[in-house]
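Engineer: Sequence first, then the predicted structure, then my questions.
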Amino acid sequence: MKTKFTPLVRLRESAMKEGERKLIAINQKIAATQSHLDSVQQEFVMISMPKTGESYLELLQVQSIKDGYLAEIDRIVETLGAFKLEKKVAQEELRLLNLEFEKASHLDSLEKAKILEARKRKEAQELDEISVMLYNTRLAEGGQS
C-alpha cells in the first residue's frame, strides 16, 4: 500500500544502502592497506646487515635501504590512519542515514495504519447502511402482506 511517505522511505533506503556500500569500500581499503603494511614490515625484518666488515659503503647501502623501508612504513601508517578516520565518519553518516530511514518507515507505517482504520470505519458504515436498508425492505414487505 502506498502512502505519501513511500517515496521518502525508498529514498532513505537507497541512501542507507549507498552508505553501507561506502563503508564496505573503506573497510576493503583498510584491509588492503593493512596487508600491504604487513608485507612491507616483513620485508624490512628480512633485511640483514652485512656479516663482514669489508666495506663501509655496503653498510651505508643497507642503512639507506632500511631508511627507505621505514619511510614507506610511516607513509602506509599515515594512510591507514586516514582510512580509519574516514571509516569513523562513514559509520556516523550511516548511523544518521539509518535513523532517517527508521523515521520515514515509522511515519509510513503510521500513515498505513490510518488508511486501514479509515477503510474499516467506511466498511462498517457501509455495512450499517446495508443492514438498515435490508431491515427497512423487510419491514416494508412485512407491512404489505
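Structural biologist: Yep, that arrived.
Engineer: residue ranges with poor pLDDT in this structure?
Structural biologist: 53-54, 143-145 (pLDDT under 70).
Engineer: which helix of it spans the most residues?
Structural biologist: Secondary structure assigned by DSSP state H gives helix 56-144 as the longest helix of the chain.
Engineer: Nearest residue to Glu13 in space, please, no chain neighbours.
Structural biologist: Phe101 (5.8 Å; C-beta to C-beta, 6 or more residues apart in numbering). C-beta here means a position set from N, CA and C on the backbone, and glycine is covered the same way.
Engineer: count of neighbours near that neighbour?
Structural biologist: Counted with other C-beta atoms under 10 Å, residues neighbouring Phe101 total 21.
Engineer: Please apply the same query to the one 10 residues further on.
Structural biologist: As a burial measure, the neighbour count of Glu111 was computed by other C-beta under 10 Å and equals 16.
Engineer: okay, which residue is most central for this structure?
Structural biologist: Nearest to the mean C-alpha position of the chain, by C-alpha atoms, centre = their mean, lies Glu20 at 2.8 Å.
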